[in-house]
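Asks: kindly generate the corresponding structure for this input.
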Amino acid sequence: MSDKTTHENKDVRVTLEQQNGYSFLVHFDDAQIDDLMTDEAAPLGAGAGPNPARLLLAAVANCLSASLLFALRKFHNQPGGLRAEAVAHIQRDAAGRWRIPTASVVLQLAEGAEQHQQLERILGQFEEFCIVTQSVRAGIAVDVVVKDAHGNILLGGPSTQAGA
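Replies: Below is the predicted model of the structure:
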């Protein structure tokens, strides 16, 4: 966790390259992480990897799990294996487009509540430290730029260019 007196900006960067159909190879730039294949489910894609909705859901559940684990350990608890189950409730919006209006995450501790110190305090604040969940809850401003093969900007502007 960062010091509140320090103002930090951190960029997280990924690069995607289409493989075929709707599958993409995701490269996690500046990280020692293996590339990940993503794909849309049938009938659009072949389901060769997780689709964006599953990745978003996994990110929310993972972040909440890590935040709870961090908070438990901060208060000198020694939690066992934590389990998370997450469900995205996908439905059509008023325009008939698929959206994720709600998601549910269940975090399961390996031990009883009585085995943890400061649990009420932990449960009251751990979600606030989950960068992904809080970002999704608040909404994310996403600037989009589309370029052609010559580098011409077809949509968006220079201030929003990825990689600029």
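
Asks: doesn't Gln78 belong to a strand?
Replies: No. Secondary structure of Gln78 (DSSP: H, G, I helix; E, B strand; the rest coil): coil, not part of a strand.

Asks: what secondary structure does the spatially most central residue of the chain sit in?
Replies: Ranked by distance to the mean C-alpha position of the chain (C-alpha atoms, centre = their mean), the top residue is Ala59 at 3.1 Å. Of the three states, Ala59 takes helix under three-state DSSP.

Asks: which residue comes closest to it once chain neighbours are left out?
Replies: Leaving aside its sequence neighbours, Ala59 sits nearest to Val132 (C-beta to C-beta, 6 or more residues apart in numbering; 4.8 Å). Any C-beta I mention is one placed from the backbone N, CA and C, and that applies to glycine too.

Asks: so, low pLDDT: which residues of this protein?
Replies: 1-7, 158-164 (pLDDT under 70).

Asks: need the contact list for Ala86.
Replies: Leu57, Ala58, Val60, Ala61, Ala103, Ser104, Val105, Val106 (C-beta atoms under 8 Å, 6 or more residues apart in numbering).

Asks: my guess is the fourth one meets Val105, correct?
Replies: Read that as Ala61. Yes. With contacts counted by C-beta atoms under 8 Å, Ala61 reaches Val105, the gap being 5.1 Å.

Asks: now do the helices in this protein.
Replies: Taking DSSP state H as the test, the helices found in the chain are 52-74, 119-125, 131-138.
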